[in-house]
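**Student:** Sharing a model that was predicted from the sequence below.
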Amino acid sequence: MEPGSGRLPGRLVVFGGTMHELSIMQSVLDQVLEKARQAGASRVHAIRLRIGVLSGVVPDALQFAFEALADGTPAQGAQLLIEDVPARFWCATCRHEFEATRMFAECPDCHRPSMELRAGREMELTSLEVD
Amino acid sequence: MCQECGCGLPGENPVGISAHHHDHDHDHGHSHDHQHDHDHPHFHTHSHDEADHDHSHGDAVGQHRVLEVRQAILEKNDRLAERNRGFFHARGLLVLNVLSSPGSGKTTFIRETVRLLGKRLKTGVIVGDLATDNDAQRLRESGAPVVQITTGTVCHLEAEMVARALKQLDLKGLDLLIIENVGNLVCPASYDLGEDLRVVLLSVTEGEDKPLKYPPMFQSAGVAVVSKMDLATACDYNRDTALANLRRLAPNAPVFELSAKTGNGMDAWCEFLIQQHKAIKARDPLGA
Ligand SMILES: Nc1nc2c(ncn2[C@@H]2O[C@H](COP(=O)(O)OP(=O)(O)OP(=O)(O)O)[C@@H](O)[C@H]2O)c(=O)[nH]1
Ligand SMILES: [Mg+2]
Ligand SMILES: [Zn+2]
Ligand SMILES: [Zn+2]
């Protein structure tokens, strides 16, 4: 992970994913399998997520967690496609939105802290590919 | 204990998992990297061009039925948290979720808060702990009803655990419910419990740059508490830096600097809670 990418620094990895990402991934998998079942699908081929850089979740750890948890389910072997959502803040002084280059919300123009986070905390299951 | 959480998966053998998955790692690592390279230009598209980069299947991604979902990953927790919130509101309870790194002083702070509030606000406590009931024992010294949640391997509290703990707590006559979360600055940030206020502690002993190291937690703070102020001099605590960092991450959160040990600063904090509780009571009980 490149420095300054807005991700949290690496944490202790517990059998292929931190406990946090295992927990998050279990929620993803529950939703995925439920949606697939409702759609009458027998296999899940791809899972698309949007993960904000301020969500506290490390995508690589999600990947490991997914492999550990999906085993033996219809989602085994599916591709996990993770879209990073950058942190975007609103500067009320300059009246523009800016992308946070570091994790705190300082306007690049006026250097005042933004009071309004507009994107970057989301953790969303976007779509699935099934058959 | 928590059904939701992968941490405590029954019957899974950690060694077996990593050994079994070793040979999958490369495929998946690659597909993930490709996604990074290609995704930013087309935000929000569901174009099927990833098919070109699919190494892990005989069949390409993009040839299958697409199910649009667009659902928050913690949607279930969020839903249960809203249910808790409705339950609390209906009873006129002020609810705090207290968060910090391990050992920043949550238990001591809560115990002293309960003691100082005395009859002014009748308080109950729910405390999450990985393994022991030591904190619950210490909190009972304050005379408050205390329910302990043993989270086992789960490193955060979830809304559903709080809902279960509530069944063991006699809420009659209570004004304030304080929930001590597991000492952890990472995952509890993502789990709404239905609280009115998130109280994030930063002790003077843990370094002024803590907020910069754990931005999601500090950004989610409704109130920031700088704890163990009695140790400030001994720790060469730099107040200006700490407050500037807190303001950077949580510009809207009021900051209380206090020591639960000496009681310094605790009065202002208790007064704040009394005012917050008044505001809650003034709310239309029917939620209109
Ligand atoms: N000097 C001083 N020590 C304190 C203060 N508050 C807590 N401590 C000490 O700090 C240590 C940890 O305090 P706890 O209240 O157990 O901290 P905690 O955040 O509940 O810890 P965990 O639940 O394990 O995460 C104990 O030894 C306390 O006596 C304070 O205001 N001043
Ligand atoms: Mg404690
Ligand atoms: Zn600006
Ligand atoms: Zn956790």
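**Tutor:** In hand now; what should we look at? Residues are numbered from 1 along each chain as shown, chains lettered A, B, ... in the order given. Ligands and ions are numbered 1, 2, ... in the order given.

**Student:** so how far is ligand 3 from A:Leu80?
**Tutor:** As judged by Cβ to the ion, to the nearest Å, A:Leu80 and ligand 3 stand 37 Å apart. In this view, the C-beta of every residue, glycine as well, is placed from N, C-alpha and C.

**Student:** What is the neighbour count of that residue?
**Tutor:** Neighbourhood size, A:Leu80 [other Cβ atoms under 10 Å in any protein chain shown]: 22.

**Student:** Can you verify B:Arg198 is assigned to a strand?
**Tutor:** Yes - per DSSP: H, G, I helix; E, B strand; the rest coil, B:Arg198 lies within a strand segment.

**Student:** Just list the residues touching the nearest residue to it once chain neighbours are set aside, thanks.
**Tutor:** Once flanking residues are discounted, B:Arg198 sits nearest to B:Gly222: 4.6 Å by Cβ to Cβ, 6 or more residues apart in numbering or on different chains. Taking Cβ atoms under 8 Å, 6 or more residues apart in numbering or on different chains, we find B:Gly222 in contact with B:Asp196, B:Leu197, B:Arg198, B:Val199, B:Ala253.

**Student:** Closest to ligand 3 out of the residues you listed?
**Tutor:** Here the nearest of the contacts of B:Gly222 to ligand 3, counting by Cβ to the ion, is B:Ala253; it sits at 20.8 Å.

**Student:** how close does the one residue in chain A that gets nearest to ligand 1 get to B:Lys106?
**Tutor:** Nearest to ligand 1 in chain A, going by Cβ to the nearest ligand atom, is A:Met19, at a distance of 15.8 Å. Distance of A:Met19 to B:Lys106, given as Cβ to Cβ, to the nearest Å: 20 Å.

**Student:** The worst-scoring helix or strand of chain A on mean pLDDT and ligand 3, any residue contact?
**Tutor:** Every helix and strand in chain A was compared by mean pLDDT, DSSP states H and E; the lowest is strand A:116-119, with a mean of 86. No - between strand A:116-119 and ligand 3, judged by Cβ under 5 Å from the ion, nothing touches; the nearest distance is 11.6 Å.

**Student:** name the helices or strands packed onto the next helix or strand after that strand?
**Tutor:** Using DSSP states H and E, the next helix or strand after strand A:116-119 towards the C-terminus is strand A:123-130. Secondary-structure packing of strand A:123-130 (3 or more Cβ pairs under 8 Å, 6 or more residues apart in numbering or on different chains; DSSP states H and E): helix A:19-38, strand A:44-52, strand B:65-72.

**Student:** give the contact list for the most centrally placed residue in chain A.
**Tutor:** Using Cα atoms, centre = their mean, the residue of chain A that lies closest to the mean C-alpha position is A:Ile51, 2.1 Å off. If a contact means Cβ under 8 Å, 6+ apart, then A:Ile51 has A:Val57, A:Pro59, A:Leu62, A:Ile82, A:Glu83, A:Asp84, A:Val85, A:Glu122, A:Met123, A:Glu124 as its contacts.

**Student:** Next: B:Val127.
**Tutor:** B:Val127 touches B:Thr107, B:Ile110, B:Asp135, B:Ala136, B:Leu139, B:Val146, B:Val147, B:Gln148, B:Ile149, B:Ile179, B:Glu180, counting by Cβ under 8 Å, 6+ apart.

**Student:** confidence score at the nearest residue to it once chain neighbours are set aside?
**Tutor:** Closest residue in space to B:Val127, ignoring its immediate chain neighbours: B:Glu180 at 4.2 Å, by Cβ to Cβ, 6+ apart. pLDDT recorded at B:Glu180 is 97.

**Student:** and B:Glu180, how many neighbours does it have?
**Tutor:** 28.

**Student:** same question, A:Arg118
**Tutor:** 12.

**Student:** swap in B:Ile179?
**Tutor:** If you count neighbours by other Cβ under 10 Å, B:Ile179 ends up with 25.

**Student:** Over to A:Val28?
**Tutor:** Neighbours of A:Val28 (other Cβ under 10 Å): 26.

**Student:** Please report the distance of it from chain B.
**Tutor:** A:Val28 sits at a distance of 5 Å from chain B (criterion: Cβ to the nearest Cβ, to the nearest Å).
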